[in-house]
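A.B. asks: Give me a 3D structure for the following:
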Amino acid sequence: MTIVRRNPAAGRRYAGQRLLLLLVMGALVLTVASCSSPASEQTTSAAGSGTTATGDSGRSIDIGNGRTLFMECRGVGRPTVILESGIHDSSEYWVNIQPNAPAIGPDVFAGIAQHTKTCRYDRPGTLIPGQEAKITERSTPVTNPRTIDQASADLDALIKAAGLEGPFLMVGHSFGGWLQTYYTQTHPRDVVGLVLVDAFSARMPEFMGDKWTAYEKVLNSLGGNPLGSDPASEKYDVLASAKLSLAAPGLPKDLPMAVMSKSEPFPLPADLKGFTSADLETAWTKVQDALVELVPNTPHVIAQGSDHDIRVRDPDLVTSTVVLILERVPAR
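C.D. replies: Predicted coordinates:
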């Protein structure tokens with residue numbers, strides 16, 4: 001397994017820099033080099049007008065059957081990058097940076113859009129952050145719990161309704177990484193690259209063992225947030241979804257892909273019952289290693305010092321990793 005580590009002491013990087021991986025004595029080492037941006041930063045919303053909580057342009061797009069999904073796109077170029085958030089999270093988390101984060105440069109959405117067309121969207125029932133978080137009204141509510149194939153069908157319908165041109169490079173955080181993996185498994189001709197940011201996997205129930213039931217309750221509960229009891233709040237039948245994922249075709253063995261993983265443990269409440277922090281961290285490490293093994297020669301980027309929210313703590317590192325995979329995509 002290839003490991004790429006970020007050196008926190010050398011972590012101050014400037015906008016416009018990119019990550020290079022150099023093979024040194026059989027091991028991959030992380031370095032940085034300057035580069036110019038090949039794409040415009042102009043906003044090109046697939047959705048036209050409308051303003052999000054962050055002031056960016058985007059709108060809800062009709063995907064049929066009386067439903068809409070919110071999407072915003074920026075930048076120019078191909079392949080088109082699709083950003084997918086974790087469970088319960090709206091796409092607003094791709095345009096945020098954690099206070100006092102070590103990153104230099106823009107958020108992930110803006111950073112990748114400097115290189116190619118980049119789109120983010122809200123799944124139904126996800127949260128808009130703020131002083132008072134709320135469930136998004138930009139995407140039509142659906143009946144919960146859902147399964148992974150329903151989320152994949154929504155994304156496919158959105159891509160078509162928005163008139164997005166492929167091919168696509170999929171970038172998914174946490175549970176969204178699993179959704180993007182499944183989409184790639186079931187749409188192999190449309191996807192030319194995959195970046196998984198501390199992602200979930202169909203094997204998590206296996207690795208949690210007899211602790212799974214307790215963990216699934218936490219996963220679907222919004223961590224005790226009262227909004228988690230709202231019928232519109234996003235929830236998944238994970239076991240049914242895992243069966244679908246494991247039965248789907250494997251990822252193409254020549255797919256340009258990267259896996260990013262945290263180094264710090266998940267923050268868990270002291271009164272948590274049914275599993276321990278050690279149980280979760282052991283299972284999560286196994287998940288990350290299993291993801292790396294899905295495709296040969298997949299670099300494993302460890303965000304040293306970062307917790308699960310790598311995209312808001314180290315957005316420049318995420319952008320650099322996506323740019324690496326962009327550069328590995330064969331010309332079409």
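
A.B. asks: In the stretch 1-150 of the chain, what residue spans correspond to strands?
C.D. replies: Ranges of strands within the stretch 1-150 of the chain are 3-5, 17-24, 27-34, 59-64, 67-74, 80-84, 118-121, 127-128, 134-135, based on DSSP state E, counting those that start in this stretch.

A.B. asks: and the last one, how far out from the chain's middle?
C.D. replies: In other words, strand 134-135. With Cα atoms, centre = their mean, to the nearest Å as the basis, strand 134-135 stands 20 Å off its chain's centre.

A.B. asks: next one: the fourth one
C.D. replies: Chain-centre distance of strand 59-64: 21 Å, with Cα atoms, centre = their mean.

A.B. asks: buried residues in it?
C.D. replies: Residues of strand 59-64 classed as buried: 59-61, 63 (neighbour count, 16 or more other Cβ atoms under 10 Å). Where you see a C-beta, it was placed from the backbone N, CA and C, and this is true even at glycine.

A.B. asks: Quick one: list the elements packing against it.
C.D. replies: Strand 59-64 sits against strand 67-74, helix 148-161, with contacts defined as 3 or more Cβ pairs under 8 Å, 6 or more residues apart in numbering; DSSP states H and E.

A.B. asks: out of these, deepest packed?
C.D. replies: strand 67-74 (a mean of 24; mean count of other Cβ atoms under 10 Å).

A.B. asks: per-residue confidence averaged over that strand?
C.D. replies: In this model, strand 67-74 has a mean pLDDT of 97.

A.B. asks: Check which helices and strands that strand sits against.
C.D. replies: Using 3+ Cβ pairs under 8 Å, 6+ apart, strand 67-74 is in contact with strand 59-64, helix 108-113, strand 118-121, helix 148-161.

A.B. asks: right, and these - which one's nearest Ser245?
C.D. replies: Ser245 sits nearest to helix 148-161 of all these, at 6.0 Å, using Cβ to Cβ.

A.B. asks: Of all the helices and strands packed on strand 59-64, which one is nearest Glu132?
C.D. replies: Of all these, strand 67-74 sits nearest to Glu132, with 19.1 Å by Cβ to Cβ.

A.B. asks: roughly how far out does the helix ranked longest in the chain sit from the chain middle?
C.D. replies: Longest helix in the chain, counting residues (DSSP state H): helix 277-292. The chain centroid and the centroid of helix 277-292 are separated by 17 Å under Cα atoms, centre = their mean.
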